[in-house]
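J.: next come a sequence and a model predicted from it.
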Amino acid sequence: MAMTLAASAEDTEDTREAAPGPTYDLDRVRADFPILAQKVHGRPLVYLDNAASTQKPRAVMDAIAACYGEYYANVERGVHTLSQRSTAAREGAREAVRRFLNAPSAEEVVFVRGTTEAINLVAASWGRRHVGPGDEVLITELEHHSNIVPWQLLCEERGALLRVAPIDDRGEVILEELDRLLSPRTRLVAVAHVSNALGTVNPVREIAARAHEAGAVVLVDGAQAAPHLRVDVQALGCDFYAFSGHKVYGPSGIGALWGRRELLEAMPPWQGGGGMIRTVSFAGTTYAPPPHRFEAGTPAIEAAVGFGAALNYLTALGLPAVGAWEAELLALATERMAAVPGLRLIGTAKEKAAVLSFTLERIHPHDVGTVLDREGIAVRAGHHCAQPVMERFGVPATTRASFGLYNTREEVEALVAALHRARKLFG
Ligand code: PMP
């Protein structure tokens, strides 16, 4: 099944490009993901919960199996061969992250457990040093709890103020309001590249430029962007970029924080332990340079290796091609779902990633999720760790279908048909 891609995938987000090739071999891609070839409740699995976590290609499983089967040992400081091979494999994954983000140096890439830990690291280390009483941290109304709560904790501790730029009815950040909230007191602007609850692609380059003009540092939560868009931290002009392995077809428990070298070098450690020191004595301890300064303890070695393999897999497919295919699925789903009686789409931004949040009149989102599951269709129902977004749209929860690089047009049609049946079932 070779799908023809819209060659003119319209991207106002400047980190994306039109598809490089004319075809995207969906059958071949699906064959890379063995988990997809199964039935759930007697029906072919339709996996549409990709914004929560993506499935893993064989390349990732093979890389982890090779790590365990061929060269596993603890990393760093090992003189023996396996330790050196393990260290090299993990550092190879760091280089894969660097390439993936077009970061200037692999030394600016810190391995973390995921986006949540990356943001907490910046809040605890950079934040405690740079945010003081009366200072402000600016976020937006569409943030995931991971990009809200660490800043609330920091502001509470430091006597600083958390400001929130509102979104409009389409789910787009109101840039004039963001401008109004930026001030010489703003130390940091933390913003999602893509909203997990709405699909909105934020104009992060523009936001970063405005924030820098005000003298603020910019952190981008890239958890939902990395699987869909080509990310170039230099083009975006941000200072920190965080994302998670499990959302880019890699393992859970691993992710990356990229930070500008001069910022990382000036940051104090946030966790102490093995691996992050230069020398230790009771008179005083000195610390390793970044990235190791921020990687205390034995790391997730096999997960880093799998993470690197996932990024290489994505890069080989080509993010522009992936993005263009997902845009086709999103357009199809948006059009078909408009015909489902009582369906309200939450999040209708002009620039969207392949995430569809919706409510169905008179049916609780959890019931929609359960009905769909009976048909083998996996979606997520709830507040999606974005309760302020739910509040903004006056709903307690939504049902969310989110597409990945292996989803098909037939799966979109199966979702829509099941929604029509749910509609009839609940009257
Ligand atoms: N930010 C966004 C936008 C997300 O979608 C998520 C995951 N749902 C996170 C942050 C947190 O990522 P993780 O749970 O992998 O740390």
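T.: That came through fine. Residues are numbered from 1 along each chain as shown.
J.: pretty sure Gly78 sits against Ser86.
T.: Yes - using CB atoms under 8 Å, Gly78 is in contact with Ser86, at 7.5 Å. All C-beta spots, glycine's among them, are computed from the backbone N, C-alpha and C.
J.: which of the two has more neighbours?
T.: More crowded of Gly78 and Ser86, by other CB atoms under 10 Å: Ser86, with 24 against 14.
J.: helices or strands next to the helix or strand where that one lies in the packing?
T.: Applying DSSP states H and E as the criterion places Ser86 in helix 81-101. Packing contacts for helix 81-101, counted by 3 or more CB pairs under 8 Å, 6 or more residues apart in numbering; DSSP states H and E, involve strand 109-112, strand 255-259, helix 301-317.
J.: could you dump those to a markdown table with distance to Arg278 and mean pLDDT?
T.: Below are the helices and strands packed on helix 81-101 laid out as a markdown table (distance: least, CB to CB, whole Å; pLDDT from 0 to 100):
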| stretch | distance to Arg278 | mean pLDDT |
| --- | --- | --- |
| strand 109-112 | 17 | 98 |
| strand 255-259 | 19 | 99 |
| helix 301-317 | 22 | 98 |
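J.: tell me which of these lies nearest to the ligand.
T.: Nearest of those to the ligand, taken as CB to the nearest ligand atom: strand 255-259 at 6.1 Å.
J.: how about the residues of this structure near the ligand?
T.: Taking CB under 6 Å from any ligand atom as the criterion, the neighbours of the ligand within the chain are 114-116, 144, 146-147, 192, 196, 221, 223-224, 244, 385.
J.: those residues: which two are farthest apart?
T.: Maximum pairwise distance in the residues of the chain next to the ligand, criterion CB to CB, is 14.5 Å, between Gly114 and Ala192.
J.: ranges for the helices of the stretch 251-400 of the chain?
T.: Using DSSP state H, counting those that start in this stretch, the helices found in the stretch 251-400 of the chain span residues 261-265, 301-317, 319-337, 365-374, 387-392.
J.: what sits up against the fourth one?
T.: Read that as helix 365-374. Around helix 365-374, the neighbours that count as contacts under CB atoms under 8 Å, 6 or more residues apart in numbering are 40-41, 359-360, 378-382, 397-399, 415, 418-419, 421-422, 425-426.
J.: pretty sure Leu161 sits against Glu136.
T.: Yes - Leu161 lies in contact with Glu136 (CB under 8 Å); the separation is 4.8 Å.
J.: which residues in the stretch 51-200 of the chain form strands?
T.: Along the stretch 51-200 of the chain, counting by DSSP state E, counting those that start in this stretch, strands occupy 109-112, 136-140, 161-165, 186-192.
J.: so what does the third one touch, helix or strand wise?
T.: Strand 161-165 is packed against strand 136-140, helix 149-158, helix 175-181, with contacts defined by 3+ CB pairs under 8 Å, 6+ apart.
J.: list of residues touching the first one?
T.: Under the contact criterion CB under 8 Å, 6+ apart, strand 136-140 has outside partners 127, 131, 147-148, 151, 154-155, 160-167, 173, 178, 181-183, 185-192, 202, 211, 216.
J.: stretch 116-133: how far from the chain's middle?
T.: On the basis of CA atoms, centre = their mean, to the nearest Å, stretch 116-133 sits 19 Å off its chain's mean C-alpha point.
J.: cool, stretch 369-388 as well?
T.: Relative to the mean C-alpha coordinate of its chain, stretch 369-388 is positioned 19 Å out (CA atoms, centre = their mean).
J.: ends of that stretch, how far apart?
T.: 21 Å (CA to CA, to the nearest Å).
J.: distance of the residue nearest to Ala338 when sequence neighbours are not counted from Gly199?
T.: Using CB to CB, 6 or more residues apart in numbering and skipping residues adjacent in sequence, the residue nearest Ala338 is Leu345, 7.7 Å away. Per CB to CB, to the nearest Å, Leu345 is found 10 Å from Gly199.
J.: what do those two both touch?
T.: The contact sets of Leu345 and Gly199 overlap at 356-357 (CB under 8 Å, 6+ apart).
J.: surely Ala208 touches Gly237?
T.: Yes - using CB under 8 Å, Ala208 makes contact with Gly237 at a distance of 4.4 Å.
J.: neighbour count for these two, which is higher?
T.: Applying other CB under 10 Å to Ala208 and Gly237 shows that Ala208 carries more neighbours, namely 22 against 17.
J.: list the contacts of Gln55.
T.: By CB under 8 Å, 6+ apart, the residues touching Gln55 are 33, 35-36, 47, 249, 404, 406.
J.: quick one, grab the pLDDT at the residue in the stretch 301-427 of the chain that the ligand sits nearest to.
T.: Sorted by distance to the ligand under CB to the nearest ligand atom, the residues of the stretch 301-427 of the chain start with Cys385, at 5.8 Å. pLDDT, Cys385: 95.
J.: repeat for the one 3 residues further on
T.: pLDDT for Pro388: 96.
J.: for it, give its distance to Trp151.
T.: Distance from Pro388 to Trp151, by CB to CB: 13 Å.
J.: which of these two has more residues huddled nearby?
T.: Trp151 (25 against 19).
J.: now do the more buried one against Ala397, distance only.
T.: Counting by CB to CB, the gap from Trp151 to Ala397 is 24 Å.
J.: what's near enough to touch Ser146?
T.: So Ser146 contacts 115-116, 119, 221, 223, 385 (CB under 8 Å, 6+ apart).
J.: any chance of TSV for those, columns distance to Ile301 and neighbour count?
T.: As requested, the contacts of Ser146 are arranged in TSV below (distance: CB to CB, whole Å; neighbours: other CB atoms under 10 Å):
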residue	distance to Ile301	neighbour count
Thr115	20	27
Thr116	20	21
Ile119	23	27
Asp221	26	29
Ala223	22	27
Cys385	28	17
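J.: going by distance to Pro57, which of those residues wins?
T.: So of those, ranked by how close each gets to Pro57 (CB to CB), first place is Ala223, at 19.3 Å.
J.: need phi/psi at that closest one.
T.: phi -50, psi -40 (degrees, to the nearest 10).
J.: give me the pLDDT for it.
T.: Per-residue pLDDT puts Ala223 at 98.
J.: before we move on, what about Leu425?
T.: Looking at Leu425, its pLDDT stands at 88.
J.: quick one: secondary structure of it?
T.: helix (DSSP: H, G, I helix; E, B strand; the rest coil).
J.: neighbours around it, how many?
T.: Per other CB under 10 Å, the neighbour tally for Leu425 reads 10.
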